[in-house]
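Need a 3D model of the sequence below.
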Amino acid sequence: MTERIHQLSYDTYPTGYFQGVRPEMLRFVPAHCRRVLEVGCAEGAFGESLRTTRKIEVWGVEPNKPAAAKAKARLDRVIEGVFGPEIALPAEYFDCVVFNDVLEHMLAPEMALRYAKGLLTPSGVVVASIPNIRFLPMVYKLMIHARWEYEDSGILDKTHLRFFTRSSIVNIFEREGFAIDNVCGIHAWEGSPHTRWLLWWRAFKLANVIFFNKFGDMRFLQFAVVAKPMVQLVEKDNSHWNTFLISP
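Take a look at the predicted model:
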């Protein structure tokens, strides 16, 4: 598919959707980074945190026009548009490319990772935050209530086009030639005081012990990933590019 998706839009979303600071992701950006690109930078809150705490250069790419306008006041440079070769970012310029809850909004996130690889310096890395569809409360809704209902935000955000588990996150990076430095669960669920949930939570913990932590990944709402290219290869022919964020 090479056409953009026009049916869905971020334009009707509340302002708060674009204001996330994501302080829990700051620690995953390596200390050596001096030039960072944030894909889907929204209003630039995360990038601004990097700039003020580390005094580094931060660029952003954002398809939502109002959000991009606000980000321009916070970051060193913001490109309003869809992440792809057509925006002509400088090759081998960035020490880190960040995708904070962005890859799941793309038709072909593997192409985004492939393009990002060519933007990295030899020591550069990709940092990403990706929702976990195997999150225990999500599985509970599906198994017990047979519910799969899209919402304005969260794992079943109505603008999500792809869904990931921990293993599929690792697979997509490795298929695109990345070596995983770190995969870390974030926003762990610690149970609920509700009686029904307590029984479910205790059953889950028991099953996890019996199966040697086979279900441990289900505790986390998201996974943070740090990955670096195994081989610095830049694809020369981008004529079949088909990775698009949902059009603003």
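
Who are the contact partners of Leu142?
By Cβ atoms under 8 Å, 6 or more residues apart in numbering, the residues touching Leu142 are Trp148. Quick note: C-beta positions are derived from backbone N, CA and C, even for glycine.

That one sits in which helix or strand?
With elements delineated by DSSP states H and E, Leu142 resides in helix 136-144, which encompasses its position.

Over to Ser123?
Ser123 is located in strand 120-131, with elements delineated by DSSP H and E.

now do Lys228
Counting by DSSP H and E, the element that carries Lys228 is strand 220-229.

Same question for Glu110.
Glu110 belongs to helix 109-119 when elements are defined using DSSP H and E.

Counting by contacts, list what that helix packs against.
With contacts taken as 3 or more Cβ pairs under 8 Å, 6 or more residues apart in numbering; DSSP states H and E, helix 109-119 sits against strand 35-39, strand 94-100, strand 120-131, helix 166-175.

Low-confidence regions, this structure specifically.
Applying pLDDT under 70 to the chain flags the ranges 1-20, 191-198, 201, 208, 231-248.

which residue is nearest the middle of it?
Geometric centre of the chain, nearest residue: Asp101, 2.9 Å, by Cα atoms, centre = their mean.

Centre of the chain to the strand holding Ser123, how far?
Chain-centre distance of strand 120-131: 11 Å, with Cα atoms, centre = their mean, to the nearest Å.

That strand: which residues count as buried?
Buried residues in strand 120-131, defined by neighbour count with 16 or more other Cβ atoms under 10 Å: Leu120, Thr121, Gly124, Val125, Val126, Val127, Ala128, Ser129, Ile130, Pro131.

got the angle between it and helix 166-175?
Using axes from the mean of the first three to the mean of the last three Cα atoms, to 10 degrees, the direction of strand 120-131 lies 160 degrees away from that of helix 166-175.
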